[in-house]
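Chemist: next come a sequence and a model predicted from it.
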Amino acid sequence: MIVETGHFALILALALAIVQAIIPLWGSLSRDATLMRAAPTIALAQFVMVAIAYGALTWAYVTSDFSLVNVFENSHSLKPLIYKISGVWGNHEGSMLLWVLILVLFGALVALSARNMPDDLSASVLSVQAWISGAFLLFILLTSNPFARVGMPPIEGRDLNPILQDPGLAIHPPMLYLGYVGFSMTFSFAAAALINGRIDAVWARYVRPWALLAWLFLTLGIAMGSYWAYYTLGWGGFWFWDPVENASLMPWLAGTALLHCTAVMEKRDALKIWTIFLAILAFSLSLLGTFLVRSGVLTSVHAFASDPQRGVFILGILTLFIGGSLTLFAIRAPMLKQGALFAPVSREGALVLNNLLLTTACATVFVGTLYPLALEALTGAKISVGPPFFNYTFVPLFIPIFFAMPVGQLLAWKRGDLLGAAQRLTLVALAGLLAALIFYAMQGGPALSAAMGGVAIFVILGSFFDIASRIASGSSGGAMVARAMGMPRSAWGTAFAHAGVGVTLLGLAATGWGVEKIASMRSGDSVELGQWQVTLDKVAPRPGPNYRETVAHMTIRSGGAVVAQIEPSRRFFNSRRMTTSQAGLLNVSLGQIYVVISDQETEEPLDTRLYWKPFVSLIWLGPLMMAIGGALSLTDRRMRLGIAQRAKRRRGPEPKPLAAE
Amino acid sequence: MTRKSRRLVLISSALAVLAFAAGLVLFALRDTIVFFYTPSDIDAKHVAPGTRLRLGGLVKEGSVVKAEGKAITFAVRDANGEIRVSYTGLLPDLFREGQGVVAEGVFEGKGQFRADSVLAKHDETYMPRDLAESLKKQGLWQHNQPGAPEARGK
Amino acid sequence: MMWISIAALTALAVLSVLVPLGFRRAPVVALDADRAFYEAQISEIERDVARGVLSLSDAESAKAEAARRLIEKHDAQKPAANSDRSRRLAAALAILFIPGLALGLYMNLGNPDLPDIPLSARLTAPPVPNDVFAAIAKIEQHLATNPDDARGWEIVAPVYLKTGRPRDAVNAWNNVIRIAGPSPDRYTAIGEALLFAEQGKVSPEALGAFEKALELEPRFPQARFYVGLAAEQAGNVERARAIWSALVADAPEGASWIEPVRARIAALGPQIKVPAPDELAARAVTALPQGEQQTVIRSMVERLAARLKEDGKDPEGWLMLINAYNVQKEPEKARDALSEARKALSGDEAALEKLKTLARQLGLEG
């Protein structure tokens, strides 16, 4: 009964989405306040329906109701409860339902804060949201229905793909989706603005929290995905320029540009057309990401669900929304009023440069991801575009950003003083240079790493320079604290987010100082790994709930003293006849010792890969800092006008640090 | 500065960045892309020795030889040809004789290939798409390999 | 029950549209929001001035800009309309469309009569006779919580094999061995399950299991049979014959498996023939009386041995000689001849193989 109720609720949600797509829009176009004001209630009802459906599916997973084909194919009665719950989105059907759930949740949040918004804006936004949710609900019901059933259910399920039975992957997709879907909000706002013909600073203020929220979650989602790949795939790599990774990076780049753009628009009422364009772009790239992952068009290490027919449907949705919004854009954009003026050297100018570099970098990723597809379609030749391509294109475009970031923060709005800003940063630049020299002296190793490290220090210090110099101008200690407290939270947020970029860069620089060993080990053997000695104590089997594992017990010593034990292992999942590798990880200050053992018939000697990765954690702590910066900005009082006032209370707890093994 | 000249500065800097990026992309596309071939493609297309490429096929049964240290050689075959691959390092978890594999490295001519990375299928039912297509065309694809999970009780 | 919840949800959905349409609203004009925004912006500018972030003159021009924009907004406002006709139309749409689409689509996609079928309900329900799958599931649930119950694993293992899950059977037997210790029949069971998994092929893994069984109990018949089968599959027919023949020889009286094993031996085909001495000579020998027969044969054998000493490149001759020594019950000589033959024929792989086979047949080696 619960299951079928959920199914019916999902269909009702589709009906409501269609009504919500029509009535408020009609009201907005005919300026009928009653019709416009129907939107929030319908949006709330739609959310309730999807939530019921999602709850019912989760219920079916938890109780192992294998009469649902989806549950049979992706669950197992012996699976731990957390993976029964996360298993709901560990497959195509369930993940699309989660996608829609988040979409209507955001719709409901807009509905709750609609009282603070102009009627025509909230009505149009909710209407566009309903177009999107309607399209995806139709997609789910027609091509990927999670409620499809069989009368005589099998007694046991096929289990979730073991690679996905991992705490990191349990939380990674929801984060990523919160980001992707968040950009559907900015898209809806952009489309609404085009429909209503009103694009101004007020609009920018309403959009900004959504752009921030989406960006924040996308940042966390990407970082988490990268950390997951790092410890699961057992190669010690954290970014492969894989199509699926690129699919999440592209909206992030466009979204980062959008975030900076809305700041300009809110403060100065400038760059209107560009902001709208970026909002459309960010969501289009999110949809493209969904398409690429779900259709199986691209080969990827992450692809776990793909089906060409579904791909065609998503391609249809993609064409509808991107084509529709761009057409609307082409009709409306020329009618927009010219924005405010600014000099090329100014805060606005710096942000334009930021936008230019970010979108161009995004374009290179786009080319690198889709060029193989296009080439194969045109000539039939199969090629792979790997990391070298991105190192040659993406990286050179990003380097100027590192240098421009601290400078741009010191420029004034409207007309800035480049020379003055540069002079103020002299000390910071010297600190960076000094840091590079120190890194080189201490670590030796590739000069590139030391140079990158220096740039990273420059970025981190430069990010806090403005705030620090303002605080330092206080006369006494008390005055300084008062000044620090008085700084707008958004200023702190900016500083943190920018410093996060530097922190990540420092982590990337440190990869050059790592040590990598491959060894055949027998019990009692030791391997020197940088300043560590790793000893294999014994290899032993260990039973697990739905797998068997072979565990290598290892001891890490430093100069003879025991530091810790690690237990890299291999898990064999009988239901899918698959083996997964569990890396043995040890966090030592900011670095990690990373050990994986290989799959083999005999127990000894054990083929082992060992890595010492100094400062590697910084790669993921950086995005965490960026997200904290985003959250700080969200709590800024300026955001409280309108949506954020309501939205804030409903947001979850502060994002937790990355799951460490 | 007038409005016009400001706009000119903005547009020209935008164009400069775009031109720079386009240059990088063209350069990178010429130098960094890698073609995907199966052993018979290599014969048919007369690939020159020294070419960097991705080689895909099945690991020939009984061809894996582990030498001193971590040096490994094996043969990659498809319906019409085979290439001997030498590789130093640990093989991926799912590397098995008779299973699909993709090796990236340099073709040395005379049926020899030096790999610097070897990728195996990511799980039992997943095969790199390029490889699956090539093998299907050659009739070497077996969909229900033993060990693939069978549907039960439906 | 199902229909009640369907009705309730539909009503909720329709009402969510009808209720807001039921109130005629005075429109909230965008202007209010705009004014709030610009007032907030101006007060923020003032805060910045107070904090010293913004200079007074910059603040004045920023304020002026904000005010100018607010005035522009004011001029751009359009009056809002409110029409009863469109309200009624919208309400009608909601009442007809929502239940219509939802029920229509659900009738196509849904299964209103199908109840929830959680696993727990099926396990506590009275067992359906012959529902072997439910039985397995029950045991599995039990073993998940009591993984050290050897008896449970032992019961479920053969059932796995019968239901076509040999790998699970292997795992179950491994668990039995882990808990209750090894025994020849447990290892043999593992081997058999692996055999099943490989469609009857004795994999190295399976052979390993059988060999472990034989380590514990060297005469364990089943394991010996399978080791023989492995030899046959590896193409080593004579070794298979030797193992199976020994197995039959050791068999206890009336063992049921003797006949099938004999049949397998017969299926191996004839043994390698030792070439007979030439027909005429043989007939001549058999015509002689007993004592002389022996002498003649001995001298023939000696001549053969002498000839082979001069020219050893005659595999047939060597086979004949070794066989002859064996017939004469002179194993020492047979062994010497064998090693000489090996020396003489070194390099001729085919001949060496034949020698090896013969040696094994005659029990001259190991």
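Modeler: Now that the structure is in, tell me what you want to look at.
Chemist: any low-confidence regions in the stretch 201-350 of chain C?
Modeler: Screening the stretch 201-350 of chain C residue by residue with the criterion pLDDT under 70, one finds the ranges C:269-293.
Chemist: can you name the residue of it nearest to chain A?
Modeler: For the stretch 201-350 of chain C, the residue closest to chain A is C:Glu205, as judged by CB to the nearest CB, at 8.1 Å. C-betas here are computed from N, CA, C, even on glycine.
Chemist: that residue: neighbouring residues, count only.
Modeler: Around C:Glu205 sit 15 other residues, with neighbours defined as other CB atoms under 10 Å in any protein chain shown.
Chemist: that one: what's it in contact with?
Modeler: Contacts of C:Glu205 were listed using CB atoms under 8 Å, 6 or more residues apart in numbering or on different chains, and they are C:Leu194.
Chemist: mind telling me what element A:Glu549 is part of?
Modeler: According to DSSP states H and E, A:Glu549 maps onto strand A:548-558.
Chemist: hang on, the residue of the stretch 201-350 of chain C closest to chain A is in a helix, isn't it?
Modeler: Yes - assessed with DSSP: H, G, I helix; E, B strand; the rest coil, C:Glu205 lies in a helix.
Chemist: what's in contact with stretch C:352-366?
Modeler: Contacts made with stretch C:352-366 from outside it, assessed by CB under 8 Å, 6+ apart, are listed as C:238-239, C:242, C:271-272, C:274, C:315, C:318-319, C:322-323, C:326, C:331, C:334-335, C:338, C:341-342, C:345-346.
Chemist: which parts of chain A are strands?
Modeler: All strands of chain A, identified by DSSP state E, fall at A:383-384, A:515-521, A:526-529, A:532-543, A:548-558, A:561-566, A:569-573, A:578-582, A:584-588, A:591-597, A:606-613.
Chemist: avg pLDDT for the strand holding A:Glu549?
Modeler: Strand A:548-558 shows an average pLDDT of 90 in the prediction.
Chemist: picking up where we left off before, return a ChimeraX selection command for the buried portion of the contacts of stretch C:352-366.
Modeler: Only the buried members of those end up in this ChimeraX selection, burial being decided by 16 or more other CB atoms under 10 Å in any protein chain shown:
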select /C:238,239,242,274,315,318,319,322,323,326,334,335,338,341,345
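Chemist: pretty sure A:Trp26 is touching C:Leu93, no?
Modeler: No - here A:Trp26 lies out of contact with C:Leu93, judged by CB atoms under 8 Å, at a distance of 9.8 Å.
Chemist: residue ranges with poor pLDDT in the stretch 401-550 of chain A?
Modeler: For the stretch 401-550 of chain A, no stretch is flagged by pLDDT under 70.
Chemist: what's near enough to touch C:Ala246?
Modeler: C:Ala246 makes contact with C:Arg224, according to CB under 8 Å, 6+ apart.
Chemist: distance check, it against chain B.
Modeler: According to CB to the nearest CB, to the nearest Å, C:Ala246 and chain B sit 31 Å apart.
Chemist: how many other residues sit next to residue 15?
Modeler: Let's take chain A. Around A:Ala15 sit 27 other residues, with neighbours defined as other CB under 10 Å.
Chemist: that was the other one, I meant chain B.
Modeler: Neighbours of B:Leu15 using other CB under 10 Å come to 11.
Chemist: that one: which element?
Modeler: Using DSSP H and E, B:Leu15 falls within helix B:3-31.
Chemist: and the nearest residue to B:Asp43 once chain neighbours are set aside, what are its phi and psi?
Modeler: Beyond its immediate neighbours in the sequence, the residue positioned closest to B:Asp43 (CB to CB, 6 or more residues apart in numbering or on different chains) is B:Gly81, lying 5.3 Å away. The phi/psi pair for B:Gly81 (degrees, to the nearest 10) reads phi -170, psi 170.
Chemist: give me the pLDDT for residue 95.
Modeler: In the absence of a named chain, chain A is used. 87.
Chemist: I was thinking of chain C, sorry if that wasn't clear
Modeler: Reading off the per-residue confidence, C:Ile95 sits at a pLDDT of 90.
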